[in-house]
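S.K.: Got a sequence here, can you model it:
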Amino acid sequence: KDVESDFWEMYKEVSNEHDRDFLERANGDMAIILTFAGLFSAVNSTFIIGMQPNPGDTTNVLMLQLIKIMVDGPNVVHDISDLSSSTSYPSSTVWIQTLAYASLAFSVLAAFGAVMGKQW
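M.R.: Numbers count the residues shown, from 1 in each chain. Alright, predicted model coming up:
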């Protein structure tokens with residue numbers, strides 16, 4: 001064997017070892033990212049569910065309106081302007097929910113990227 005073939009043989013061994021180490025480390029990192037993205041998504045989803053408005057409030061307002069209509073009779077004109085206030089939300093709530101949904105979307109996107117990285 002000549003010196004050049006020994007060099008390339010040694011290069012192949014070293015590069016294969018380096019590639020194996022790199023892939024093992026990257027695979028471990030992707031597993032950690034998947035775990036944290038899953039945990040974050042679960043906790044974030046719990047907060048999003050907790051921030052949802054109570055649908056019972058709207059139902060109660062509508063039920064009261066129906067009871068008023070039944071008591072007053074069909075010939076009376078009823079003011080429904082107070083119904084819009086029961087279905088509007090403060091801008092801070094809308095912003096917080098928007099940020100929560102955006103963070104959930106990015107968390108799912110990170111998990112998707114980690115899965116793609118592991119399968120590659």
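S.K.: now the residue nearest the centre of the chain: how far from G56?
M.R.: Centroid-nearest residue in the chain: L104, 1.8 Å away (criterion: Cα atoms, centre = their mean). Going from L104 to G56 by Cβ to Cβ, to the nearest Å gives 25 Å. No exception for glycine: its C-beta is placed from N, CA and C like everyone else's.
S.K.: now swap in A26 and tell me
M.R.: According to Cβ to Cβ, A26 stands 49 Å off from G56.
S.K.: Same question for E13.
M.R.: 69 Å.
S.K.: And A26 and G56? Which one has more around it.
M.R.: A26 (13 against 9; other Cβ atoms under 10 Å).
S.K.: Spatially, which residue comes closest to the more buried one, not counting chain neighbours?
M.R.: Leaving aside its chain neighbours, A26 sits nearest to G117 (7.1 Å; criterion: Cβ to Cβ, 6 or more residues apart in numbering).
S.K.: can you count the residues close to the one you found?
M.R.: G117 - counted by other Cβ under 10 Å - has 14 other residues nearby.
S.K.: For the helix ranked longest in the chain, name the packing helices and strands.
M.R.: Counting by DSSP state H, the longest helix found in the chain is helix 3-51. Helix 3-51 is packed against helix 91-119, with contacts defined by 3 or more Cβ pairs under 8 Å, 6 or more residues apart in numbering; DSSP states H and E.
S.K.: Cheers, nothing more for now.
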